[in-house]
Each structure stands twice: as C-alpha cells, then as structure tokens.
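Visitor: fold the following.
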Amino acid sequence: MSGIAGIWNLDGRPLERGLLVRLNQTLAHRGPDGAGVWIDGPVGLACQLTVVTPESVGETQPRVAASGTVAVYDGRLDNREELLELLGDSAGVGAGSPDLDLILAAYERLGERVFERLNGDFALALYDAARRRLLLARDVFGVRPLYYCRRGNTFLFASEIKTLLAHPDVSARPDDEALAWYLLRSWTIHSPTSTFFEGIHTLPPGHFAVVTEAGVALRRYWDFDPSKRIRYSSFQEYAEHFRGLFEQAVRRRVRSIYPVAVSVSGGLDSSSIFCTAQSLANRGAGAAPLGIHLEYTEGTLADEREYVADIERQYGVAIERIQAASTSRLAGARDAVWRLESPGGLLIEWDTMQRVLETARQGGARVWLSGVWGDQVLGDLGYLLDLVHRLAWRQVWQHLKELPGWMTEADPAHFRRQFFRALVRRHVPEWAVPALRCVRERFWPSREEPAWYSGQFRRRIHGRALRPSSNGFASTAHARSLWQTVSGNDVGYCMEVDGKLAAAHGVEAAYPFLDRDLVSFLMAAPGEVVTASGVYKAILREALRGILPDTIAERRWKADFTNDLNSKLERDSPELEACLASQPLCVGMGYVDGGALEEELRGCRRRLSGNSAVRSWRVLELLGLELWLQVFFGERVRACTARELVFEGR
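Guide: Numbering: from 1, shown residues only. Next comes the predicted model:
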C-alpha cells in the first residue's frame, strides 16, 4: 500500500524539489513509515512507504543501486525464493533483503526480462540513468494502481490520479468516451489504458512501459497460457491440487509483521479464506487472522450470522461483529468520490466497507483479505460449451438442472439464459455482433435502461461493441472464458477502486482468489471438474472439507442485499433529489437530459422499491457521475464557455 510518484522533464529542465515533495504529500495516507525523495537533474522519484512484510522492516525508498539505477516500489513479491536462487550468492542480496533490492539485482542481470520473473501484487518504477529510460510495471491483475500522463515535455506517474492533478501543468477534463462506455454498457471499461480523465492513463495489468524522450511504449511481460492442460484421473486429485494452491495463496497474503484482517461474511468464499488462515495459524504457519463480520438485520436475506457462529465454534475464536451502516448512504459521498477518483465509486458498498476497514485499522492490521473474485474464477459457465462440442448434451442438461439448486436465490432460468447466450455468441461471426446489438437495442431495449442520458451522449457508442479479448489458441472454451474474465479491463479497474478505498483507511487490500498460480490451475483444469456434477464451486467445497464448517461447505444460497440497498436509497431520496435538482453539472455538460431527469426524479421513490436492485444501481451511478464532476471539475467547468461544454466542441 505504499505510494509512489515521479516526474521527468524530458527537455532536460532541472526538476524543482519542492514540486515533487508537494506531489508526494498527496500520497501521505499511503505511507505512515516515512517519505523519501530522490532527484537527479530533470528526473525525480518519490515514495510514501508502508512496511508490511518482515523483509521490509528498516527499508528506505527510493532505492539506488550501485549502478546508479534507482527505483520505487509498492508491492509484495510471492516468489522471493525463485529470485534468490536465480541471483545466487554473488548478487549481494539474501533472504532478509527487501523485495526492491531483489528486483534491482535481478534487473542488473536480466534487464527488461526481470518483469516476467516477478509474481505478486506490485507497482514499480525504475529509472535507468545509463540508458536514459524510465520503466513502469504493474502486476498481472492490477491489484496495485499506477497512472501516468504527459504534458508537453513533462512525464509524470503516480499511485493515484489526484497526485498527477496536483502538478500545475496538468488540467484534466472528463474522458467522454470512457464515461459513455462505463455508464451505458453496464460498467464496462472500454480500453486497457482508460481512466475517466482525458489524457491520464492507467498502466494495464501484466504490462510494463518504456518511457524515453521519444515517447511511451507499452509491452506485455506475462500472460496466462489458456492452451495449457492439467488432467488427473479423479476428482479428488484435482481437489487436492486446488487445496495446496489455495493454502499457498492465503499464506502469501498473511505474510505480515502486523495483524491481518479478513472480511468474514459467512459465505463460501470469505469463510474459506478465514478458515484457511486460521488453520495455517493453528499449524504454526502464520499469525491468527482478525475476522470481521458485517452484521445485517436479523432474519433478512442479508443475515448470515449463523454461519459465522459455526466458524467460531469450530475454531474456538471470536469474530468481531459490526453493524452495517444505517445512516444515509450519501453522507460522506463527496469524500468517497474524491478518494476513489471514479464516478462509479458509490457502486461499491463504500459506506459499510469503511466500517470494516476502520475496524481493521483499529485492530492494528495493515492487510485486509477479501473473498472478492471467487465467484468469477470459480463460477464460470464456459465449460458447458466444451460439453456441447463433445456432444454431451445429457450432461449439459443435468448441470443446468443442478446448478439452480446450489444458488437458490437466483432465478432458475438465469443459468439457461447465460448458456444459450454464450452458445449463440460463440457461433456468431464477429462482424455480425454490432448489427445484432443494434437490433436488440431497437426491438428489445432493457426495461432497466435509464432514460436520463442525453441522445448526444448515447451516440458516442451507439451500435458499437467491444471486441472480445483473444490470446491465441485456448485448449477449451472454459479456459478461453476464464482467461477473458481475469484479463478483462474491468478487473484492473475494480482493483484500483477497492485498493484506494482500503488505502484511505491505512490498509492494503489482498485477494487470494486472484493468485496467479491458482488461476493458472483453474484455467488448465476441465471446467466440468471445477463445477463437478453441476455443484456450484464444487472443487472449493471438496478441497476445504474439514477446514470449512459443514454448514458452509454445503451452503446453497448467497446473501441478498437488495432490500437493504433499496430501502437506504428510498430513505435518502429527498437528499438525492436535492443534489440532482439544482443545476446539476451532468446536465450542463451534456451527459444527461434535464427534462428526462426531472421526470425520473418525480417518481424516484416509487421506482426504487421492489425485488430488483438494478434501478438503485442506476441511480447511484448517476449520483456518482454528478459528484465526480463537482469534486474534480466543478470550478473549472463553471469557468468554461458554453461552446466548450458541448461534445462537438471538445
């Protein structure tokens, strides 16, 4: 959770130390263990350091190698032993060396190829004075954020966008195309380098950037291999392999000299993480985790306390319970948007998650483990297409009948719709997809699609479709589908938002289900094994038998927070209407149609009720857009002329 930043005056102008110090101060919340600044002529690197792992105790950054190469780093390496073996005894590093010392030593030997040897969560900047180049790198899933921009002859990078905006030459505007994709395509991020700020880019996960006076070149340094296959003779062998990798994923993330907090909802994913961490602690392989349970009203569909009690009984521990936020969801929303730097920041449970994170911080934790992304890596249905291609129609039908029994809160027809949609998409030529989308939008528009976005805003992406990612040959439809999920632009964006929320409370977020080795295994194993016999997350349930309480291993439903969200927004309607009713910037800048918005607001309370949360999410994204515009562009926008505020004039 350290914060890193840097400036390079590409025309050779000496860098003002005070400017870099001021930019570094915007990251102070990311580094309680000291600030460091290094400057050499036109180049400067800075860091706000957080100490977490045993090897980072006593570390200082920026770090300067004997060759003159200097680096700053935010991260955790998971394969230190491999690097130490590679480097041998002559590199001047050992088992107690900080991660960054290992990376610098490996760079001296491997050059750019060093990045393909790094496994973990990290963001890294390395200035090679001898070659006059700056290298930026980010981990495979994008857990640690890293942004960059160029203004004239100045190149800047930082862990957060607000640091770049603090530079006097950076005057960002909203990126209208990125906003259109996100707001009109169900929170889709259309480009791997997109942010919502024009001219400010995010480094794509799994890539490094080579920055020289001539420009910026992006290169992928590592990718999953969806052509790889793992085949065993029994389900038990797959489950044992999974168990070993999952334990490793958790063990890597609890390697801390401070307590480690784990969100424990009582669901399958978060309970698996906590119980595995507790089991490791009982075997002397780590410290006992700090469990935190967010408790909702008893007897509702969001109430999971009975499962948490089962964990406590099995392990003889106490999991701290905190009440879900009952205050206005809009209280502190502007501050949340500022911290998260996104119009979609309000879509996460930021109001309740702040309670969890603050509890973790008060408990002394600097690492917070979450079960997020368990659904995505374990619940992919692409394997059904593999069964179709093998003409195993009977098995497909059996799985489609069994799956609803393990997710009883879902519409039973959901799985059939997902399957047939994937089947059609797989066999429709790519050139026909945009036309089919246009037909669907014209004749079968979504009933949940909000009417308030303006026609000119909609036309930015009307009839356009994102091309699916591809990575050469995939051995199975399951591997291809999972690869597209974990390599999609949305993963990096979600990591950025969640990570910044955690950093605002002094902890770093970690996700055991987004472990490179674990995901590689799941991609190589048959999908019908991951969901054996149509049992949702069958491999996780089987692998952790004895670790999980039986009640959780056999659990067949997920908590539903729809009523909680709807009731909160219904109660907040007057405040919400007031925010959007008085000359909102989203209308003035052309994103929203004022007349349609006024009509929608009149019936806002009535439309927020019901068994669906989609309407509430749409309202939250609209509110997030307005607050984001106010927080980051309000004063600048009011100073613009009317001509500058229309899309065609930008």
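Visitor: sec struct for the residue nearest to the spatial centre of the chain, please.
Guide: With distances taken as C-alpha atoms, centre = their mean, the chain has Met495 as the residue nearest its mean C-alpha position (1.8 Å). Of the three states, Met495 takes helix according to DSSP: H, G, I helix; E, B strand; the rest coil.
Visitor: check it and give its pLDDT.
Guide: At Met495 the predicted local confidence, pLDDT, stands at 92.
Visitor: look up how far Gly379 lies from it.
Guide: Here the distance between Met495 and Gly379 works out to 19 Å (C-beta to C-beta, to the nearest Å). Quick note: C-beta positions are derived from backbone N, CA and C, even for glycine.
Visitor: can you give me the distance of the residue sitting furthest away from the middle of the chain to Leu126?
Guide: Among the residues of the chain, the one whose C-alpha is farthest from the average of all C-alpha positions is Ser90, by C-alpha atoms, centre = their mean at 38.3 Å. For Ser90, the distance to Leu126 equals 21 Å [C-beta to C-beta].
Visitor: Leu183 too?
Guide: In this structure, Leu183 and Leu126 are 36 Å apart, going by C-beta to C-beta.
Visitor: repeat for Phe415
Guide: Applying C-beta to C-beta, one obtains 47 Å for the distance of Phe415 from Leu126.
Visitor: which one's more surrounded, those two?
Guide: A direct count of neighbours by other C-beta atoms under 10 Å for Phe415 and Leu126 places Leu126 higher, at 26 against 21.
Visitor: partner residues bridging the more buried one?
Guide: Ala71, Leu135 (DSSP bridges).
Visitor: ok, it touching Thr69?
Guide: Yes. At 6.4 Å, Leu126 counts as touching Thr69 under the criterion of C-beta atoms under 8 Å.
Visitor: overlap in contacts, the two.
Guide: With contacts taken as C-beta atoms under 8 Å, 6 or more residues apart in numbering, the residues that reach both Leu126 and Thr69 are 104, 107.
Visitor: could you chop the protein up by domain?
Guide: The record's domain parsing of the chain by automatic domain parsing lists 3-178+194-220, 235-326+355-376+489-553, 378-451+465-474, 562-649.
Visitor: how about those domains, which one is nearest Pro226?
Guide: The closest approach between Pro226 and any of those, judged by C-beta to C-beta, belongs to domain 378-451+465-474 at 3.8 Å.
Visitor: how far does that closest one stretch from one end to the other?
Guide: Distance across domain 378-451+465-474, first residue to last, is 18 Å (C-alpha to C-alpha, to the nearest Å).
Visitor: helix, strand, or coil at Val210?
Guide: Under three-state DSSP, the three-state class of Val210 is strand.
Visitor: tell me where the model's unsure across the stretch 451-600 of the chain.
Guide: Applying pLDDT under 70 to the stretch 451-600 of the chain picks out residues 463, 465-472.
Visitor: now the helices for it?
Guide: If DSSP state H, counting those that start in this stretch is used as the criterion, the helices of the stretch 451-600 of the chain fall at 455-458, 477-487, 489-503, 516-524, 527-530, 538-543, 550-553, 562-571, 573-581, 585-588, 594-602.
Visitor: for the third one, buried residues please.
Guide: Spelled out, that is helix 489-503. For helix 489-503, a neighbour-count test (16 or more other C-beta atoms under 10 Å) marks 489, 491-503 as buried.
Visitor: could you dump these into a markdown table with distance to Val262 added?
Guide: Rendered in a markdown table, the data for the buried residues of helix 489-503 read as follows (distance: C-beta to C-beta, whole Å):
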| residue | distance to Val262 |
| --- | --- |
| Asn489 | 28 |
| Val491 | 21 |
| Gly492 | 23 |
| Tyr493 | 24 |
| Cys494 | 19 |
| Met495 | 18 |
| Glu496 | 22 |
| Val497 | 20 |
| Asp498 | 15 |
| Gly499 | 17 |
| Lys500 | 20 |
| Leu501 | 16 |
| Ala502 | 13 |
| Ala503 | 18 |
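Visitor: nearest to Arg151, of the helices of the stretch 451-600 of the chain?
Guide: Proximity of those to Arg151 was assessed by C-beta to C-beta; the nearest stretch is helix 489-503, lying at 21.5 Å.
Visitor: and the closest one, what does it pack against?
Guide: Applying 3 or more C-beta pairs under 8 Å, 6 or more residues apart in numbering; DSSP states H and E, one finds that helix 489-503 makes contact with strand 201-202, helix 333-340, helix 350-362, strand 508-510.
Visitor: starting at the chain centroid, how far to it?
Guide: Computed by C-alpha atoms, centre = their mean, to the nearest Å, the chain-centroid distance of helix 489-503 equals 4 Å.
Visitor: what's the answer for stretch 383-396, then?
Guide: Averaged over its C-alpha atoms, stretch 383-396 has a centre that lies 32 Å from its chain's centre (C-alpha atoms, centre = their mean).
Visitor: who touches it?
Guide: Contact with stretch 383-396 is made by 399-400, 419, 422-423, 426, 476-478, 481, 526-528, 530-531, as judged by C-beta under 8 Å, 6+ apart.
Visitor: let's see that with 6 Å instead.
Guide: 419, 426, 476-478, 527-528 (C-beta atoms under 6 Å, 6 or more residues apart in numbering).
Visitor: need the buried ones from these selected in ChimeraX.
Guide: Selection of the buried residues among those in ChimeraX, burial being defined by 16+ other C-beta under 10 Å:
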select :419,476,477,478,527,528
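Visitor: tell me the one of the contacts of stretch 383-396 nearest Phe122?
Guide: For Phe122, the closest of the contacts of stretch 383-396 turns out to be His478, at 28.7 Å, with distances computed as C-beta to C-beta.
Visitor: what sits against the closest one?
Guide: With contacts taken as C-beta under 6 Å, 6+ apart, His478 has the following neighbours: 382-383, 386, 527.
Visitor: let's see it at 8 Å
Guide: For His478, the contacting residues are 380, 382-383, 385-386, 523, 526-528, 530, by C-beta under 8 Å, 6+ apart.
Visitor: so where's the stretch 301-450 of the chain shaky on pLDDT?
Guide: In the predicted model of the stretch 301-450 of the chain, residues 325-327, 430-449 satisfy pLDDT under 70.
Visitor: Trp123 contacts Ala137, doesn't it?
Guide: Careful, residue 123 is Ala and not Trp. Yes. Proximity of Ala123 to Ala137 meets the contact threshold set by C-beta under 8 Å, at 7.4 Å.
Visitor: now do the shared contacts for these two.
Guide: Leu203.
Visitor: so which of the contacts of stretch 383-396 comes closest to Pro62?
Guide: Distance to Pro62, by C-beta to C-beta, is smallest for His478 among the contacts of stretch 383-396, at 43.8 Å.
Visitor: how far away is the closest one from Arg464?
Guide: Applying C-beta to C-beta, one obtains 28 Å for the distance of His478 from Arg464.
Visitor: state the phi and psi torsions of the closest residue to Arg150 other than its chain neighbours.
Guide: Residue nearest to Arg150 in three dimensions, not counting chain neighbours: Val216, with 7.2 Å by C-beta to C-beta, 6 or more residues apart in numbering. Note on Val216: its backbone torsions stand at phi -120, psi 130 [degrees, to the nearest 10].
Visitor: show me what contacts Val216?
Guide: Under the criterion of C-beta under 8 Å, 6+ apart, the contact list for Val216 reads 148, 150, 155, 209-210.
Visitor: could you export the residues you listed to CSV, including columns for pLDDT and distance to Arg571?
Guide: As requested, the contacts of Val216 are arranged in CSV below (pLDDT from 0 to 100; distance: C-beta to C-beta, whole Å):
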residue, pLDDT, distance to Arg571
Tyr148, 98, 42
Arg150, 96, 46
Phe155, 98, 47
Ala209, 98, 46
Val210, 98, 52
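Visitor: which one of these is nearest to Glu575?
Guide: Within the contacts of Val216, proximity to Glu575 (C-beta to C-beta) peaks at Tyr148, which comes in at 37.1 Å.
Visitor: hey, what's the closest one bridged with?
Guide: Counting by DSSP bridges, Tyr148 is bridged to Phe157, His201.
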